[in-house]
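Chemist: Sequence first, then the predicted structure:
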Amino acid sequence: RTADNTRAITAGVRYVNGPLNVALTYDQLNPANQLGNDATPKAWSIGASYDFEVVKLAAAFGQTRDGWFTGQSINAFGSGSPEAKSFSSNVGVEDFKANSYMVGVTVPLGASTILASWQRADPDSDLLTGGDSAMNVYSIGYTYNLSKRTNLYALGSYATDFAFIDGVKSTVGMVGVRHRF
């Protein structure tokens, strides 16, 4: 009884040639029958980066239809507002569409790296959360390599019109140690 379970399809292809990196992805969520929702959220994205050695530039474009994918939780550290909490899991909504954009830069500085990005998700309606404001996310990060496999990191992110709701903001900060085995 496969239809009683939520199923997902995901696919991606990647092309790397020297400093050029291009990726294309597709995701689709098929909700379980008992959820009572006929919407089938779909998302695709294409992104590319080019490493100029003194700076790496990245850009991406994507589109989501009939819902929104949030991974584990888009509001894991969120603002605590009731509106934003309604955006904390995968949501299927027929006829909803949003275009997403990302521009990023990575600057290596010896054992350190500075990262910065701007992301925007622009919905075509208020069907998902009751709001239709474009969500903007501004992020900056820093890493410091202690060794080939261990680094320290810090990240700060600020979102406006979170969950597409005018005036709702979200701020996230993280620090940690990463070790790759």
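Modeler: Thanks, I have it.
Chemist: longest strand in the protein, by residue count?
Modeler: Selection of the longest strand in the chain by residue count, based on DSSP state E, yields strand 91-109.
Chemist: Buried residues in that strand, which are they?
Modeler: Neighbour-count burial for strand 91-109 flags 91-93, 96-98, 100, 102, 104, 106 (criterion: 16 or more other C-beta atoms under 10 Å). Glycine gets a C-beta too; all of them are placed from N, C-alpha and C.
Chemist: Now render the residues you listed as a markdown table, adding pLDDT and distance to Thr25.
Modeler: Below are the buried residues of strand 91-109 laid out as a markdown table (pLDDT from 0 to 100; distance: C-beta to C-beta, whole Å):
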| residue | pLDDT | distance to Thr25 |
| --- | --- | --- |
| Val91 | 74 | 19 |
| Gly92 | 77 | 19 |
| Val93 | 82 | 21 |
| Phe96 | 90 | 19 |
| Lys97 | 92 | 17 |
| Ala98 | 93 | 16 |
| Ser100 | 96 | 12 |
| Met102 | 98 | 13 |
| Gly104 | 98 | 16 |
| Thr106 | 98 | 20 |
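Chemist: Now distance to Val172 too, for those residues, in TSV please.
Modeler: Written out in TSV, the entries for the buried residues of strand 91-109 read as follows (distance: C-beta to C-beta, whole Å):
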residue	distance to Val172
Val91	20
Gly92	25
Val93	25
Phe96	24
Lys97	26
Ala98	20
Ser100	18
Met102	16
Gly104	16
Thr106	19
